[in-house]
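Novice: Let's see this in three dimensions:
(chains A, B, C and D)
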Number of protein chains: 2
Amino acid sequence: MPTNRGPARPTQRQIAALVGVSVTTVSRILNPEESNPFRWASEETVEAIRQAAVTLGYRHNALAVSLRTSRSHTVGVLMPLLGDHVMAMIFAGIDEVAREHGMMAITASTLDEPTIRVERSLAMQDRLVDGLIFADAHIDKDYLSTLKDQGVAFTLVHRRHPNHVSVSADDLLAGRLAARHLIEIGRTRLAIICRHRYMSTSTDRIQGFCDEIREAGLEPPAVLETGFNVVAGRDAAYMMMEHPPYPDGVWAINDASALGALSVFRQRGLNVPDDVAIIGFYDSPVAWGIDLTSIRVSLHQMGRRSIELLLDRLDGKPVESEILPVSLIVRRSTDSTRPIGSDLGEVVS
Amino acid sequence: MPTNRGPARPTQRQIAALVGVSVTTVSRILNPEESNPFRWASEETVEAIRQAAVTLGYRHNALAVSLRTSRSHTVGVLMPLLGDHVMAMIFAGIDEVAREHGMMAITASTLDEPTIRVERSLAMQDRLVDGLIFADAHIDKDYLSTLKDQGVAFTLVHRRHPNHVSVSADDLLAGRLAARHLIEIGRTRLAIICRHRYMSTSTDRIQGFCDEIREAGLEPPAVLETGFNVVAGRDAAYMMMEHPPYPDGVWAINDASALGALSVFRQRGLNVPDDVAIIGFYDSPVAWGIDLTSIRVSLHQMGRRSIELLLDRLDGKPVESEILPVSLIVRRSTDSTRPIGSDLGEVVS
DNA sequence: TGGTTTTACAAAATCGATTGCGTCAATCGT
DNA sequence: ACGATTGACGCAATCGATTTTGTAAAACCA
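Specialist: All right, here's what the predicted structure looks like:
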């Protein structure tokens, strides 16, 4: 079992030997946290050490530093699912801020399962992450309170939880915007496609949607909890069309499921938006492609704020939950007078 | 500056004190690599130690283990861009295999810039990653050879490089498939939308496309190197329409840019596919949504294989580059007789 | 000039876990 | 019955860096 990881990395000890000083001095000079290295050694010594570091190709051993200082300069991000557009965008934002602060963001997927979440969370704590960001908070189970009691620093992103600091979209308003728009274009038989109700992204959006509808004096919408992907959208659409009267206004709280539903409606010969209007969520490239009316929120910004809040917390500053603004982007899936291919959102690549 | 990371984690020392044995014994019993703990202690001792570990809530300190063993059970993944569908899917595959092997995958974006790539790569080596996976290989610059000489274990994914082990799509065949299809439906004025030519995903696809066209005796295609996102696709389309004759067959080697081009063509009143046929790449949800003919390759599988090869390498097994099969999924953007919303690909969420 | 402070650096402890080398007693084989 | 093996464990070194403590020499003050 050859443990040889390439040629051995040079250590401070070697630099010390080369220059003829102690490792203590080397450490002080090379310590990036040290604002004034010259307090500790003469100018020549400092120069000699730095020179030696360069010629030897010295690099800090991040593990050793962390072990000693209990500071890993790492934040862990738990997401229900990697490979998903929403999560990928959020993580990109987190990652961006992380490196702006000389930190590293590491991620792991939990598949939204409590067991895996605990496991991954512990694995990250084993690496002494400075803090955690959860994108998969459930509103019922409260594993997070345990963590809080243990003094673990964390924030939530995307989904919120009343007891913890989070950065989320204004889901209540989003629900109202979607409902209002459907009402304004004269729809009365409404339906929602969503996922399990244990996440705030479902509950809040449904809540806002229903509130608006109730205040307009309309019938409450049908709620189809099929899921967040294309297939889930199709399934929901099939269910809707099992027996008339069919809905004439659908809000899928995710563009992918909107796409699935849309394709089914079209296959069945329904006209969108005349027969059935559809609204999505996230204003993703999919929405641009199919001219889908959608709710826009900056996922990138959501990711950024979630880690900025976490870093503030780590600095001991007081932090509060934030709610990001949302806006309705109207396109042809609810308004056939709109131009084709209008209003593309933020471009990432 | 309170360095208090919550309540101090229990250590082997504490367990040792509690049970009344040395840390050595505790370490041997609790070491997960140790196949037969009973070789080192009596059954009672083993039980007592395990019991103490549980009651104290003991967890391994991954950093300390790595420092000692020079094995971090971590692989680093360098991607040109997080937040991109392609990269997110690949990473999801990598992450899956990583945890199947009790490892952790950490990622960082390089924005395709050599400087950042080196920086991130070093940052990962500082954490003593067991190996690296590069999704952003350039074919000209050869930073990777330096790494190889240093004995750093790595594989490439998505993009390939003749000198290194990689897992990529059969881009040459993909190019041929796209060209053949366009030729078969009678197109003669062809164009490609791609990105810089320093990546194999561009060069190979173009190569295959051009080979097929040459062998068919047609004119070589126009090559528009505008980029990989929606805006790039629009830009390319605008350029194409600057002066007639316009292309009647376009291959965007990425669905997003295909979408951008498509929307421009439609805005200009062109009929797709009658006036201009469009093919994309990756068969992403965007393609499903707009009924875009596209090239399918399993990105998830690509990710999985890239880390599996890396792990094989780490085990000292010989590994060779792999090329994943591709297939053409024909939809309405090249064949108006196809049904709406057909053949959805692998669903991820 | 005697005493205090600052400078410049070193020695050693520490972080948490692993591991080579021993020790001591019980057991085994012949 | 005696050397040899095995079982059950501990000591101390080690990984690479940081931190605490220590101590000469130089600088400063009155």
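Novice: for A:Ala222, phi and psi?
Specialist: With angles defined as degrees, to the nearest 10, A:Ala222 sits at phi -80, psi 140.
Novice: wait, isn't it in contact with A:Met240?
Specialist: Yes: with contact defined as Cβ atoms under 8 Å, A:Ala222 and A:Met240 form a contacting pair (7.1 Å). Using the backbone N, CA and C atoms, a C-beta is placed for each residue, glycine as well.
Novice: okay, the two: which has more neighbours?
Specialist: Shown here are A:Ala222 and A:Met240; by other Cβ atoms under 10 Å in any protein chain shown, A:Met240 has more neighbours (21 against 15).
Novice: which residues touch that one?
Specialist: A:191, A:222, A:224, A:246-247, A:250, A:261 (Cβ atoms under 8 Å, 6 or more residues apart in numbering or on different chains).
Novice: before we move on, the earlier item: anything in contact with each of A:Ala222 and A:Met240?
Specialist: With Cβ under 8 Å, 6+ apart, A:Ala222 and A:Met240 have common neighbours A:191, A:247.
Novice: ok, now which ones touch A:Asp171?
Specialist: Neighbour list for A:Asp171: A:200-201, A:204-205, A:208, A:326 [criterion: Cβ under 8 Å, 6+ apart].
Novice: Can you flag which of those residues belong to helices?
Specialist: A:200-201, A:204-205, A:208 (DSSP state H).
Novice: Tell me the one among the residues you listed nearest to DNA strand C.
Specialist: A:Ser200 (36.0 Å; Cβ to the nearest atom of the strand).
Novice: Quickly note the distance from that closest one to A:Ser121.
Specialist: Between A:Ser200 and A:Ser121 the computed distance is 19 Å (Cβ to Cβ, to the nearest Å).
Novice: Three-state assignment for the residue nearest to A:Ser263 when sequence neighbours are not counted, please.
Specialist: Leaving aside its sequence neighbours, A:Ser263 sits nearest to B:Gly341 (Cβ to Cβ, 6 or more residues apart in numbering or on different chains; 2.9 Å). At B:Gly341, secondary structure determined by DSSP: H, G, I helix; E, B strand; the rest coil is coil.
Novice: Around B:Gly341, count how many other residues there are.
Specialist: 21.
Novice: so what's it up against?
Specialist: Going by Cβ under 8 Å, 6+ apart, the list of residues near B:Gly341 reads A:262-264, A:266-267, B:288, B:291.
Novice: now swap in A:Leu182 and tell me
Specialist: Applying Cβ under 8 Å, 6+ apart, the residues near A:Leu182 are A:190, A:249, A:251, A:277, A:279, A:334.
Novice: Just the pLDDT at it, thanks.
Specialist: We have a pLDDT of 96 for A:Leu182.
Novice: Ok, A:Ser284 next?
Specialist: For A:Ser284, the predicted pLDDT is 90.
Novice: follow-up on the earlier one: out of the contacts of A:Asp171, who's nearest DNA strand D?
Specialist: A:Ser200 (39.4 Å).
Novice: what about that closest one, how many neighbours?
Specialist: A:Ser200: 23 neighbours (other Cβ under 10 Å).
Novice: returning to that earlier point: from the ones in helices among the contacts of A:Asp171, which would you call buried?
Specialist: Buried members of the ones in helices among the contacts of A:Asp171, scored by 16 or more other Cβ atoms under 10 Å in any protein chain shown, are A:200-201, A:204-205, A:208.
Novice: Identify the residue nearest the residue most central in space within chain A in space, chain neighbours excluded?
Specialist: For chain A, the residue nearest the mean C-alpha position is A:Ile90 (3.4 Å; Cα atoms, centre = their mean). Sequence neighbours aside, A:Gly303 is the residue nearest to A:Ile90 in space, at 4.0 Å (criterion: Cβ to Cβ, 6+ apart).
Novice: cool, and A:Gly131?
Specialist: A:Ala153 (3.9 Å).
Novice: OK, contacts around that neighbour?
Specialist: Residues near A:Ala153 by Cβ under 8 Å, 6+ apart: A:130-132, A:310, A:313-314.
Novice: can you rerun that using 10 Å?
Specialist: Residues in contact with A:Ala153, defined by Cβ atoms under 10 Å, 6 or more residues apart in numbering or on different chains, are A:75, A:129-133, A:147, A:165, A:310-311, A:313-314, B:5-6.
Novice: Could you do A:Gly303 as well?
Specialist: By Cβ under 10 Å, 6+ apart, the neighbours of A:Gly303 are A:77, A:87-98, A:105, A:133, A:135, A:157-158, A:167, B:82-83.
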